[in-house]
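Chemist: Generate coordinates for the sequence data below:
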Amino acid sequence: MPRTAKPPIEIQMLSDYSRNIEYQCFRRQWGVEELVAKTGLSKNTIQRIRANRHKQIDAHALGCFCSAFDVSPNDLLLRHDGITY
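Modeler: Model prediction:
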């Protein structure tokens, strides 16, 4: 059975998720090592998500990021216009 392409909304959400995590790191001046310490996630996982090389949004990772940044899931999942670095 051929695999179907992802709907555009899912692709956009993955991109927004990575972008918003990058923004939250930028705001706090956190690098990968700081994020590993704050989230408990592996360095590889964090780098893959920040580089937008992930295929899905893992609920556990999302929760870890939300706790570390003290933000809601919507802050990380939805597009926010006006984000500047």
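Chemist: Low-confidence bits of this protein, can you list those?
Modeler: 1-12, 82-85 (pLDDT under 70).
Chemist: residue boundaries of the helices in it?
Modeler: 8-28, 32-39, 43-50, 59-69, 73-77 (DSSP state H).
Chemist: Output those in TSV, with mean neighbour count appended to each entry.
Modeler: C-beta here means a position set from N, CA and C on the backbone, and glycine is covered the same way. Listed next are the helices of the chain as TSV, based on neighbours: other C-beta atoms under 10 Å:
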stretch	mean neighbour count
helix 8-28	16
helix 32-39	15
helix 43-50	16
helix 59-69	17
helix 73-77	15
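Chemist: Return the residues in contact with residue 66.
Modeler: Residues in contact with residue 66 (C-beta atoms under 8 Å, 6 or more residues apart in numbering) are 72-73, 75-76.
Chemist: and residue 52, how many neighbours does it have?
Modeler: 15 (other C-beta atoms under 10 Å).
Chemist: ok, now how distant is it from residue 70?
Modeler: Separation of residue 52 from residue 70 (C-beta to C-beta, to the nearest Å): 23 Å.
Chemist: what does residue 48 give?
Modeler: Relative to residue 70, and taking C-beta to C-beta, residue 48 is found at 23 Å.
Chemist: Residue 23 now?
Modeler: Relative to residue 70, and taking C-beta to C-beta, residue 23 is found at 14 Å.
Chemist: repeat for residue 31
Modeler: 18 Å.
Chemist: Just want to check the distance between residue 53 and residue 28.
Modeler: In terms of C-beta to C-beta, residue 53 sits 22 Å off from residue 28.
Chemist: and if you look at residue 60?
Modeler: Distance from residue 60 to residue 28, by C-beta to C-beta: 21 Å.
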